[in-house]
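Participant: Take a look and give me a structure for this.
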Amino acid sequence: MSTKVSDRVLERLREWGVDHVFGYPGDGINGLLAAWGRADNRPRFVQSRHEEMSAFQAVGYAKFSGRLGVCAATSGPGAIHLLNGLYDAKLDHVPVLAIVGQTHRTAMGGSYQQEVDLHTLFKDVASDFLETVTVPEQLPNVLDRAIRTAYARRSPTALIIPGDVQELDYSPPTHEFKMVPSSLDRSSWTSIPSEESLRRAAEILNAGAKPAILIGQGAAGARAEVERVAELLGAGVAKALLGKDVLSDELPYVTGSIGLLGTRPSYELMRDCDTLLTIGSSFPYTQFLPDFGKARGVQIDIDPHMVGMRYPYEVNLVGDAKATLQRLIPMLETDRGGREWYDTVRDNVTRWRGVMERRAELSADPINPEYVAHTLDPLLPSDAIVTSDSGSTANWYARHLTMRSGMRGSLSGTLATMGCGVPYAIGAKFAHPDRPAIALVGDGAMQMNGLAELITAAKYRDLWEDPRLVVAVWNNHDLNQVTWEMRAMEGAPSFLPSQQLPDVQYAAFARSLGLTGVRVEKPEDVEAGWRAGLEADGPAVIEFLTDPAVPPIPPHASWEQMEATAASILKGDADRGSVVKQGFKAKVQEFLPGREKKK
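Facilitator: Here you go, the predicted structure:
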């Protein structure tokens, strides 16, 4: 039996070490689906409920494995559905390959059914590499380049294969004019800055009296080096959300997340520092960085396209974080005198932890959403993978969960799209089937995407060595993050026709699929709910009925800003009384004297 182009696609993916392809079937990829049947489902085809979920699962797989995520979809509508997940990969710099079908070559240009100009569709999201296979000899070169480019540039790439081309007999490129051969190997490489630029950076860092470090996901391979630099400089370390799992939050100088969803110690660190070292982060919100002219800056990033932005850095070091820091560390002074700044940072962190505990303990109707996350924190397994959806749950993920060494966590950092939490967790389970995954999701995101993907979790549960996939739903009947943005940024009360959500029985739906489902309606049952999910013998949905009036207060919020928000609410917000009361209660916790942490 002859080898078809579709057979060679799957064979080449296997040669690249691809174990899973996340996709949804359609006639535009019938040739590939037939090849999967002939290949005994290698690499495994993971069927989602929607192509967008396939792309999210590929992103989650890539984020938590460090390997290429691959998704597949049919032509026309299937390809269109991939876009949101691929943009998530593009903006968070994640290597993903999309393989999509197209109408037969004989019909192209004829306004045929499901014919879409896929090059125009993908030219932005897959701008680093996008190609259509028109003859068999073209396949190995374009497929290999798509994979190498996705890895090298940490971006999504796309390969379009018309339906009739998939079914052609495969023939490799020959040693002839206008043939392009290809090779499989992708050697590792390291970029390092010049010695002169390293010395200039060291001079700036050594001269600082109040140093701050900001890390992102680009520092993930340099944990030990970042710790060493922080200790040498006596620096506090703030984390962009994509870098939340880079350093353990148990380190006394780690101030936690930065930005609107960040912590007060991180805000104070940036406000008061005189030196800023940014490693592997393109955190976009300049207002949360030191005032211009107040701090000297050094940036380290592997991508020359991304350096020199966000802040007026004096030295931009283009290089791998680990290799660059290894060369920078010997240039840093080991005897820097007093540690007043270091002690201040640690004291700020200790005080903030007390504030968070007190906020979580505040009464609410019926359950304080902060208490839900705060209760999970000590229960998290040491090898947990945590995903957060976009929305107010991201605030509680950012502030209440202590990332300890060995844990992993991520969310849609730059696109901040809703609906990624559950498919991310499914992708994580295929990347690490021996580890528990926990998805933190609001009811809006759960209704958007999460409910259907519970079917996917149920379908594949038996493939995972550790079958635990806990989906926690904050059920408050409100699109809460947008509601608070309207109040705080627009000075407008909540607009119920757009914000109010129907009450869905999430736990009951999970039980209908044969999964564990627990509905928690009272604060005293929160811990038991979490334990039920973490001790389940398969996927579980734990549904918490939470109070939408508890505010996700930004770390820099002043009394004046709180008053302005309250004034907008009093214009006619349907929940104005509860909102003002809860906002006041939460804010006042920052001004109470500290108390000993409960044993």
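Participant: hey, let's count contacts and neighbours off CA atoms from now on
Facilitator: Will do.
Participant: Which of the helices or strands spans residue 483?
Facilitator: helix 480-489 (DSSP states H and E).
Participant: How about residue 472?
Facilitator: strand 469-475.
Participant: same for that strand, what does it pack against?
Facilitator: If you count contacts as 3 or more CA pairs under 8 Å, 6 or more residues apart in numbering; DSSP states H and E, strand 469-475 packs onto helix 421-431, strand 437-442, helix 443-445, strand 540-545.
Participant: before we move on, back to that, give the next helix or strand downstream of the helix holding residue 483.
Facilitator: Later in the chain than helix 480-489, the nearest helix or strand by DSSP H and E is helix 496-499.
Participant: For the stretch 1-150 of the chain, which segments count as helices?
Facilitator: Counting by DSSP state H, counting those that start in this stretch, the stretch 1-150 of the chain has helices at residues 5-15, 30-38, 51-65, 77-81, 83-92, 118-122, 139-153.
Participant: Now render those as JSON lines, adding mean neighbour count and mean pLDDT.
Facilitator: Shown next, in JSON lines, are these (neighbours: other CA atoms under 10 Å; pLDDT from 0 to 100):
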{"stretch": "helix 5-15", "mean neighbour count": "20", "mean pLDDT": "98"}
{"stretch": "helix 30-38", "mean neighbour count": "19", "mean pLDDT": "98"}
{"stretch": "helix 51-65", "mean neighbour count": "29", "mean pLDDT": "98"}
{"stretch": "helix 77-81", "mean neighbour count": "19", "mean pLDDT": "97"}
{"stretch": "helix 83-92", "mean neighbour count": "24", "mean pLDDT": "98"}
{"stretch": "helix 118-122", "mean neighbour count": "16", "mean pLDDT": "97"}
{"stretch": "helix 139-153", "mean neighbour count": "22", "mean pLDDT": "96"}
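Participant: Select, out of the ones you listed, the one closest to residue 391.
Facilitator: helix 83-92 (15.7 Å; CA to CA).
Participant: Tell me how far the residue sitting nearest the centre point of the chain lies from residue 275.
Facilitator: Centroid-nearest residue in the chain: residue 411, 2.5 Å away (criterion: CA atoms, centre = their mean). Between residue 411 and residue 275 the distance, using CA to CA, to the nearest Å, works out to 29 Å.
Participant: The longest helix along the chain packs against which elements?
Facilitator: Of all the elements of type helix in the chain, the one with the most residues (DSSP state H) is helix 340-361. Contacts defined by 3+ CA pairs under 8 Å, 6+ apart place helix 340-361 against strand 236-239, strand 254-257, helix 264-272, helix 369-376.
Participant: any idea of the angle the longest one forms with helix 340-361?
Facilitator: Read that as helix 264-272. If you take axes from the mean of the first three to the mean of the last three CA atoms, to 10 degrees, helix 264-272 sits at 140 degrees to helix 340-361.
Participant: Mind giving me the packing neighbours of the helix or strand hosting residue 451?
Facilitator: In this assignment (DSSP H and E), residue 451 forms part of helix 451-460. For helix 451-460, the elements it packs on are helix 421-431, helix 506-512, judged by 3+ CA pairs under 8 Å, 6+ apart.
Participant: Try it again at 7 Å.
Facilitator: Contact analysis of helix 451-460 by 3 or more CA pairs under 7 Å, 6 or more residues apart in numbering; DSSP states H and E lists helix 421-431 as its packing neighbours.
Participant: Could you pull up the mean pLDDT of the helix it packs on?
Facilitator: For helix 421-431, mean pLDDT is 98.
Participant: from the middle of its chain, how far away would that helix be?
Facilitator: Chain-centre distance of helix 421-431: 11 Å, with CA atoms, centre = their mean, to the nearest Å.
Participant: Show me what that helix is packed up against.
Facilitator: Using 3+ CA pairs under 7 Å, 6+ apart, helix 421-431 is in contact with helix 51-65, strand 385-388, strand 437-442, helix 451-460.
Participant: What are the contacting residues of it?
Facilitator: By CA atoms under 7 Å, 6 or more residues apart in numbering, the residues outside helix 421-431 that reach it are 53, 56-61, 64-65, 387-389, 411, 437-441, 450, 453, 457, 464.
Participant: so who does residue 201 touch?
Facilitator: Residue 201 makes contact with 298, 315 under the criterion CA under 7 Å, 6+ apart.
Participant: Could you do residue 168 as well?
Facilitator: Residue 168 touches 4-5, counting by CA under 7 Å, 6+ apart.
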